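Colleague: Sequence first, then the predicted structure:
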Amino acid sequence: MHFGILGQPAIWRQGDEIRLSTRRSRAVLAHLLLSPGHSASAEGLIDAIYGDTPAKSARNQVHRGIGELRRSGVTIDVQDNVYRLDADEDHIDAFQFMRLYDQAGRQTADGDHAKAAETLGAALELWRGPALSGLESEAFLTEAAAWNERRLAAVEARIDAALVLGRHRELIAELQHLTDQHPLKERFHAQLMIALYRSHRASEALQVFTDMTERLRGELGTDPSPALSDLRLRILRQDVVLDSEDLDAQVPRQLPARPGVLPGRDADLRRTIDALSERLTPPLVVITGSAGVGKTALGLEAAHRVSGGFPDGQLFADDLADPAEVLADFLTTLGVAAEEIPEGAGARAALLRSLLAVRRVLIMLDGVTDAEQVLPFLPGRSGSAVLVTSGSPLALPRDAVTVTVSALDAAAARTLLATGAGWSRMRAEPAAADRIVALCAGLPAALNIVAAKLAARPQLGLPRLADRLAEPSRMIGELRHGGKGIMSTLLNGYHALPAAPRSLIRRIGFHGVPDLTPTTAAALADVPLDTAEDLLEELSETHFVKPLSDGARYRCHELMLAFGAARARVEDDERDLTEAVERAFGSWLALTDAAHESMRGKDGSIPRGTAPRFSAAGARAWMGQGSAWFEANIGTHLSLVRRAVSKPETCWELAVAPLAIFEGGAHFHEWLESHQVALASVRRGANVRGHAVLTYSLGYRSLLVGDHIGAARQLREALALFQGLGDEQGRGLTLNLIGDLDRMHRTPAMARETYQEAATALHRSGDGIAEAEALVGLATVLQSTGDEAGSQSCLDRALGLCREAGSLRSEARIRRAVAMHATKAGTPEKACPELIEALEIAIHIGDRVVQSDILLDLGTTRILLGDPKAAFDDLATAEEIARVAGMERTARRAKLARAFINGGGLGIHPA
């Protein structure tokens, strides 16, 4: 099938047109054809067709348009709510036209004007009328205007080629018609003047200039451009060069070739074009974004699209290190003789403004690093425009329009990757394609390299390439192909930064952990906290890191981490880097200490090691909520544990640091993963205490998830290790959990002895919180054996210890034990207030394990108090929390209790 937009949108099959009977089908077809990769979401289609005021039925109309096209034989796929039209660009008239137009440009550059004229003629024959005729939304009118300008540019180029070939006489009639159709387009008037002059009709040529001057003054209040005025003078002088000179050679056209596909850039492109087309003031548009995000490609596409609006030429510079030198080059290009170019940037800028005052020129400055580089090029009057790309925010005039370019979304990134991999290859291995897209950070520079590599190596599987990219040490090397590499792209933005933020980029990369806080940055850079905050803001402005929504953390993508690590290996001393990472570990351990204390109080049942702590100058006192902080940083903890495997003491301390949230938030998967990594580290490093602590912690995890056999084995191993070390705290903590196992296995005598031994050891170690936990266990056993006084004494002592240390979690557990004591004593009415207060504490500290246990007890207590409905609700909530948290034993007990309520004929059923 063939498709067309150069006229009314149309479809042909084997040369026969397939009639599209509705405007909506033509609109849907046109938007899909014009979209990068011929892909668009339903929202994008609605916006393109209806603009800011879509009808209520807009979505339905789009779906019907898609259906009509499919019934006409058009293949349209849908994936992730994105429609994609299966159409080769060689079968779309607009892209055929552009291919021929670009081919003619190369032929002209090679001096083959006859071939260029022939090629342009073939390109223009593709037009059936104004582009996108019959479609009247703002988006389509904008696109149509751009394509119609390209048509006129092709007409101008064809006439130029014909003039060079000496066909001036046969062009006169056509040019007279064109100047009538476009009375303000100077280019056609200049071409007509040349054709008339070469046909020995100089007086008519001069009359064309006079008529044009009167029209411009009357309608626009301006004079003809200097180029047209210069042509008049040459005619008056009968300059011999007019008989052979290529007119277009007088107009600078310095823009590099336009880029290929630009998926996901429709909105940015439209905003840039609209801003450059503004005529009220001299437009200044700044495209900013991270290195590799496609700023230059977007700028070039926009510049090419609006080039028809700047008939006096387009100037381009991508090295602004010496603005005075660039100014001299521009002045020479605009016709100023070398001896007439003044010295100094200021004088040259003034001369440039004088020339731009009577011309319409587009200036594109690529890769600007400072506002001072831009200011000399700003025109003083409207007519000309300046387009800037920069990786940094620039302090420019207030009326400058800034277009911030973000990384591509997943759909657009897949479209760009498909230009090399092909859609069929990507559909065959979708998971690997998605991994590659994610690892390329949505950066077109990286995706283009990968696409080119996949196109050149059809045997290279996507999973294999994804695995290579996922290795930090290989990522930068893999993003290199055909002489192009991501390193050089990223270096452009990196070298534009001062030394301090560059150093921080390297240390962040060497550290290798994606999420970081100002505290971590201060440790890595060894600077005060407020300095680190400033550095992170600077890196955020230049897109090397991204601020997270909580306002307290930043994220560095894996690609930027790999880049930073690569630069660190080149620029830094390894000892300095190692010390920076050790400070970062120390600062994180200091934070976990503070967060844990806010949840459990001082020395709250967590073994400590000897890994150093670090606090940056100006560090603030802990003001956060420990549970919320741990929850938000679980992923960072795992990354840090993996990063610290070469330092066993630090590794095991990092692994157990979140113990309070591991158990309270039921993060059993993260608990196991972190401890497996740390166990491998301490075993390699023969760190016996670390081995003991990790084994104890894993035994606790096994106990909570109901694996009593595994828990017994791990706790016995830990006990032996602690005893060998003479570690009373570790021994007491482990005995306390063994006592829990004994109590669950209904061996009260053994449990009582174990709890007593645990409490004694913990008292000797000075860990009051852990001692309180052991006393609660002992109280439970004593009560079960009828020793009410002994049980109450243990509870009173435990409550005093936890209040002394300020541990809310322990207080909640003790209040639960007091409540159970009251229930078993036959006074359940005294238990309820204790359980409710304990539940409020558990909710406040975010401990889901304790919440589910308390709700289970509260439900059973309310059964005794004759309130089955409230009991049923408590038990249902307990089961739900326990099930989500992986607490199967508690969930089963809550389910059985609910079944008892229903089975007892109490008539309570789920709502």
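Modeller: Arrived safely.
Colleague: use CA for all of it now, contacts and neighbours both
Modeller: Will do.
Colleague: so where do the helices sit in the stretch 251-400 of the chain?
Modeller: Applying DSSP state H, counting those that start in this stretch to the stretch 251-400 of the chain gives helices spanning 266-276, 295-306, 323-333, 345-356.
Colleague: Would you mind saying which of those lies nearest A522?
Modeller: Smallest distance to A522 across the helices of the stretch 251-400 of the chain (Cα to Cα): 31.5 Å, for helix 295-306.
Colleague: and the angle for that closest one with helix 266-276?
Modeller: Counting by axes from the mean of the first three to the mean of the last three Cα atoms, to 10 degrees, helix 295-306 points 60 degrees away from the direction of helix 266-276.
Colleague: What are the contacting residues of stretch 314-323?
Modeller: Stretch 314-323 is contacted from outside by 252-255, 307, 326, 330, 345, 361-368, 373, 376, using Cα atoms under 8 Å, 6 or more residues apart in numbering.
Colleague: among these, which are in strands?
Modeller: Using DSSP state E, the subset of these located in strands is 362-368.
Colleague: Just among those, which is most surrounded?
Modeller: Ranked by the number of neighbours (other Cα atoms under 10 Å), those place L362 first, at 29 neighbours.
Colleague: still on that earlier bit, please identify the most buried of the helices of the stretch 251-400 of the chain.
Modeller: Neighbour counts (mean count of other Cα atoms under 10 Å) averaged over each of the helices of the stretch 251-400 of the chain peak at helix 295-306, with a mean of 22.
Colleague: State the distance from the residue of the chain most remote from its centre to L175.
Modeller: Note on the chain: the largest C-alpha distance from the chain mean falls to H200, namely 64.0 Å (Cα atoms, centre = their mean). From H200 across to L175, the span is 16 Å (Cα to Cα, to the nearest Å).
Colleague: name the element the residue farthest from the centre of the chain belongs to?
Modeller: H200 belongs to no helix or strand when assigned by DSSP states H and E.
Colleague: which ones are touching the residue lying closest to G586 once chain neighbours are set aside?
Modeller: Once flanking residues are discounted, G586 sits nearest to R613: 3.9 Å by Cα to Cα, 6 or more residues apart in numbering. For R613, the contact set (Cα under 8 Å, 6+ apart) comprises 583, 585-590.
Colleague: can we see that at 10 Å?
Modeller: 582-591, 593, 650 (Cα atoms under 10 Å, 6 or more residues apart in numbering).
Colleague: now do A894
Modeller: Applying Cα under 10 Å, 6+ apart, one finds that A894 lies in contact with 852-853, 855-857, 859-860, 872, 874-880, 882, 888, 900.
Colleague: Would you format the ones in strands among the contacts of stretch 314-323 as TSV with pLDDT included?
Modeller: Output for the ones in strands among the contacts of stretch 314-323, formatted as TSV (pLDDT from 0 to 100):
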residue	pLDDT
L362	94
I363	96
M364	97
L365	96
D366	95
G367	91
V368	92
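Colleague: just to revisit the earlier point, determine which of the helices of the stretch 251-400 of the chain approaches R892 most closely.
Modeller: Closest to R892 of these is helix 266-276 (Cα to Cα; 54.6 Å).
Colleague: could you give the angle of the closest one to strand 362-368?
Modeller: If you take the same axes, to 10 degrees, helix 266-276 sits at 130 degrees to strand 362-368.
Colleague: backbone phi and psi for the nearest residue to Y554 once chain neighbours are set aside, please?
Modeller: Of all residues not flanking Y554 in the chain, P547 sits nearest, at 4.3 Å (Cα to Cα, 6+ apart). With angles defined as degrees, to the nearest 10, P547 sits at phi -70, psi 140.
Colleague: Would you mind measuring from P547 to S852?
Modeller: Using Cα to Cα, one gets 36 Å for the distance from P547 to S852.
Colleague: and those two? which has more neighbours close in?
Modeller: Counting neighbours by other Cα under 10 Å for P547 and for S852 shows that S852 has the greater number, 28 against 20.
Colleague: Could you check the pLDDT of the more buried one?
Modeller: Note on S852: pLDDT of 88.
Colleague: Wait, F377 touches S354, no?
Modeller: No - under the criterion of Cα atoms under 10 Å, F377 makes no contact with S354, lying 11.3 Å away.
Colleague: between those two, what contacts are shared?
Modeller: Contact criterion Cα under 10 Å, 6+ apart; residues bridging F377 and S354 by contacting each: R348.
Colleague: and the contacts of R613, which are buried?
Modeller: Buried subset of these (neighbour count, 16 or more other Cα atoms under 10 Å): 582-591, 593, 650.
Colleague: Need the max-distance pair from those residues.
Modeller: Farthest pair in the buried ones among the contacts of R613 (Cα to Cα) is E582 and D593. Separation: 16.5 Å.
Colleague: Could you count how many residues lie near D573?
Modeller: Neighbour tally, D573, other Cα under 10 Å: 10.
Colleague: mind starting the numbering at 731 from now?
Modeller: Got it, the first residue is 731 from now on, which makes the last one we talked about D1303.
Colleague: okay, it: pLDDT?
Modeller: Reported pLDDT for D1303: 95.
Colleague: Restrict the host helix or strand of I776 to CA atoms and write it as PDB.
Modeller: Using DSSP H and E, I776 sits within helix 772-780. C-alpha atoms of helix 772-780 as PDB (Å, rounded to 0.1, in the frame of the first residue of the first chain):
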ATOM      1  CA  ALA A 772      -5.300   7.600  21.800                       C
ATOM      2  CA  GLU A 773      -4.700  10.800  23.700                       C
ATOM      3  CA  GLY A 774      -2.100  12.000  21.200                       C
ATOM      4  CA  LEU A 775      -4.600  11.300  18.400                       C
ATOM      5  CA  ILE A 776      -7.400  13.200  20.200                       C
ATOM      6  CA  ASP A 777      -5.000  16.200  20.900                       C
ATOM      7  CA  ALA A 778      -3.900  16.300  17.200                       C
ATOM      8  CA  ILE A 779      -7.400  16.100  15.800                       C
ATOM      9  CA  TYR A 780      -9.400  18.100  18.300                       C
END
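Colleague: Give the buried residues for that helix.
Modeller: For helix 772-780, the neighbour count (16+ other Cα under 10 Å) marks 772, 774-780 as buried.
Colleague: which other helices and strands contact it?
Modeller: When contacts are defined as 3 or more Cα pairs under 10 Å, 6 or more residues apart in numbering; DSSP states H and E, helix 772-780 packs onto helix 753-764, strand 769-771, helix 788-801, strand 812-815, helix 868-894.
Colleague: Which residue, other than its chain neighbours, is closest to L922?
Modeller: L905 (5.6 Å).
Colleague: on that earlier part again, which one of the helices of the stretch 981-1130 of the chain lies closest to A887?
Modeller: If you check each of the helices of the stretch 981-1130 of the chain against A887 by Cα to Cα, helix 1025-1036 wins as the nearest, at 14.9 Å.
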